[in-house]
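S.K.: have a look; sequence and predicted model below, questions after that.
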Amino acid sequence: MRSINVIDAIMGAGKTSWAVQHVGEADASKRFIYITPFLDEIKRIKSAVTSRTFIEPNNANQERRKLRSLKELIAAGADIAATHSLFQTADDELIELLAEAGYTLILDEVMDVIEIANITRQDIEILVESGKVAIEDSRVIWISEEYVEGRFFDIKQLARAGNLFFHRGRFLVWSFPARVFNAFDAVYVMTYLFDAQLQRYYYDLHGIQYEYMTVKRAEDGSYSLAEYNREDEQRADLFALIDVYDGPLNDLGRLPNSFSATWLKAADSASIVAARNNMRNYLRNICKAPANAILWTTKKDKARALASKGFTKSFLQCNARATNEYADRWALAYLFNRYMHPHERAFFEDRGITVNQELLAVSDLLQWIWRSRIRNGHSVRLYLPSSRMRALLLAWSKYEI
């Protein structure tokens, strides 16, 4: 199996600019697939590369599915720009097409390479007892030919792709097919703090080799790949642009687990009201920020409960990456304390893979902050009530994690 090229560079270092340059300078015989999280970023890469035409898959085909369009484009040897969500539907047919086509993959940001399937333990038992599925070496095998559609159709699709696992006798875990990465002539993964990402643990799990490198910008404005050295990141300079609130509005987040997914789920109404009022007080009264300057987040299912009047359009999910849509925002509130999902952690640790929860947490936090105007070198103000998250951000700035 070939080695993956991980371009690990801090936000704003020029990873996307390098990719545009690399594609633009490549021989005309080369073929590329550029995978990015958002549709807006597809437009960006299509307009930035002028030496060739990137085509976006669509559903204008007999099956009315983008996956069919993606396969047809690969068969035709087109340069392709698509989203993570489409690429995650890869099946055996797609892998076979890629293996024969000679493509280079450029993956803008890591993907969700494992997911916990939305099904209860009782429903899993029903599927087994009814003879629809069998469990072999923890892999879920769909064996029912009569079942065509219904409430378990998504489980059927995942099982048929051979990427569904029954773990600890309690839950199902979908894993992206590792064979996809070996079907390319070359693979580049562009991200930051790859050591903390699920995709890194997934590579370790499947024995996929990867090499670290970074991006350097020359005086003439060109970009090149260079040896990775995290000491070159100038973290202190970025941290200096973040005015982190330190005051009594943080009292609610003093415990290590405050604002975690578990804490938010169990929080009583008084705590939720206090958190909502504290955030509004900070953004409106302390920062005196207008609505179009605000950006805030929390666990998605608590957004409605924590949103004050006028805050709905200022919400951005806490795992956001790549988007430039909020590059004018400067008054920020991050009401979340990031831990890896217990089932995800168990899936890797039961297989001997050590995870780094602290680095994962600060990685997501930094990516979210970077959606604001800090990406343009301007200072921001941040309300971060979780004492754990504040400590992790400070430790990151000092290269302690």
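M.R.: On my side now, so go ahead. If you're wondering where the values come from, they're calculated on a predicted model, not measured in any experiment. Numbering: from 1, shown residues only.
S.K.: what lines up beside the lengthiest strand in the chain in the sheet?
M.R.: When the chain is parsed with DSSP state E, its longest strand is strand 210-217. Sheet pairing for strand 210-217, assigned by DSSP bridges, gives strand 4-8 (parallel), strand 223-227 (antiparallel).
S.K.: among those, which is the most enclosed?
M.R.: Stretch with highest mean neighbour count among the strands paired with strand 210-217: strand 4-8 (a mean of 23; mean count of other CB atoms under 10 Å). C-beta here means a position set from N, CA and C on the backbone, and glycine is covered the same way.
S.K.: starting at the chain centroid, how far to that one?
M.R.: 15 Å (CA atoms, centre = their mean, to the nearest Å).
S.K.: what lies in contact with the helix or strand following that strand?
M.R.: Reading on from strand 4-8 to the C-terminus, the next helix or strand found by DSSP states H and E is helix 15-25. Helix 15-25 is contacted from outside by 7, 9, 32, 34, 44-45, 48-52, 79, 106, 108, 188, 190, 215, 217, 222-225, using CB atoms under 8 Å, 6 or more residues apart in numbering.
S.K.: residues making contact with stretch 258-270?
M.R.: Against stretch 258-270 from outside (CB under 8 Å, 6+ apart): 252-253, 255, 257, 275, 298-299, 302, 335-339, 341, 385-389.
S.K.: filter those residues down to the ones in helices?
M.R.: Assigned to helices by DSSP state H, the following of the contacts of stretch 258-270 qualify: 275, 387, 388, 389.
S.K.: dump those residues into TSV; add distance to residue 204, pLDDT and neighbour count as well.
M.R.: Below are those laid out as TSV (distance: CB to CB, whole Å; pLDDT from 0 to 100; neighbours: other CB atoms under 10 Å):
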residue	distance to residue 204	pLDDT	neighbour count
275	37	96	24
387	31	97	18
388	26	97	21
389	26	97	24
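S.K.: follow-up on the earlier one: quick one, which of the strands paired with strand 210-217 gets closest to residue 330.
M.R.: Nearest to residue 330, of all the strands paired with strand 210-217, is strand 4-8, at 27.3 Å by CB to CB.
S.K.: report the angle between the closest one and helix 15-25.
M.R.: 130 degrees (axes from the mean of the first three to the mean of the last three CA atoms, to 10 degrees).
S.K.: of the contacts of helix 15-25, keep whichever come out buried.
M.R.: Neighbour counting with 16 or more other CB atoms under 10 Å marks 7, 9, 32, 34, 44-45, 49, 79, 106, 108, 188, 190, 215, 223 as buried within the contacts of helix 15-25.
S.K.: that older thread, farthest-separated two in the ones in helices among the contacts of stretch 258-270?
M.R.: 275 and 388 (15.4 Å).
S.K.: and residue 123, which helix or strand is it part of?
M.R.: For residue 123, the host element (DSSP H and E) is helix 121-129.
S.K.: got a list of contacts for that helix?
M.R.: Contact partners of helix 121-129, identified using CB under 8 Å, 6+ apart, comprise 133, 134, 135, 152, 155, 166, 169, 170, 171, 172.
S.K.: low-confidence ranges in the stretch 301-401 of the chain?
M.R.: 322 (pLDDT under 70).
S.K.: show me where it has helices.
M.R.: Per DSSP state H, counting those that start in this stretch, the stretch 301-401 of the chain carries helices over the ranges 303-306, 342-349, 357-369, 387-397.
S.K.: for residue 28, find the nearest of the ones you listed.
M.R.: Across the helices of the stretch 301-401 of the chain, closest to residue 28 is helix 357-369 (CB to CB), at 34.8 Å.
S.K.: from the rest of the structure, what touches that closest one?
M.R.: 11, 192-193, 195-197, 242, 297, 316, 318-321, 332, 334, 337-340, 345, 380, 382, 384, 388-389, 392-393, 395-396, 401.
S.K.: and these, which are buried?
M.R.: 11, 192-193, 196-197, 242, 297, 316, 318, 320-321, 332, 334, 337-340, 345, 380, 382, 384, 388-389, 392-393, 396, 401.
S.K.: mind listing the helices for the stretch 151-300 of the chain?
M.R.: For the stretch 151-300 of the chain, the helices defined by DSSP H, counting those that start in this stretch cover 153-160, 179-182, 198-206, 235-239, 261-266, 269-280.
S.K.: any buried residues in the last one, and which?
M.R.: Pointing back at helix 269-280 there. For helix 269-280, a neighbour-count test (16+ other CB under 10 Å) marks 275, 276, 278, 279, 280 as buried.
S.K.: so who does residue 42 touch?
M.R.: Applying CB under 8 Å, 6+ apart, we find residue 42 in contact with 34, 36, 54, 56, 81, 82, 83.
S.K.: rerun at 6 Å
M.R.: Contact analysis of residue 42 by CB atoms under 6 Å, 6 or more residues apart in numbering lists 56, 81.
S.K.: following the helix or strand hosting it in sequence, what is the next regular element?
M.R.: Element membership of residue 42, judged by DSSP H and E, is helix 39-48. Heading C-terminal from helix 39-48, the first helix or strand you meet, by DSSP H and E, is strand 54-55.
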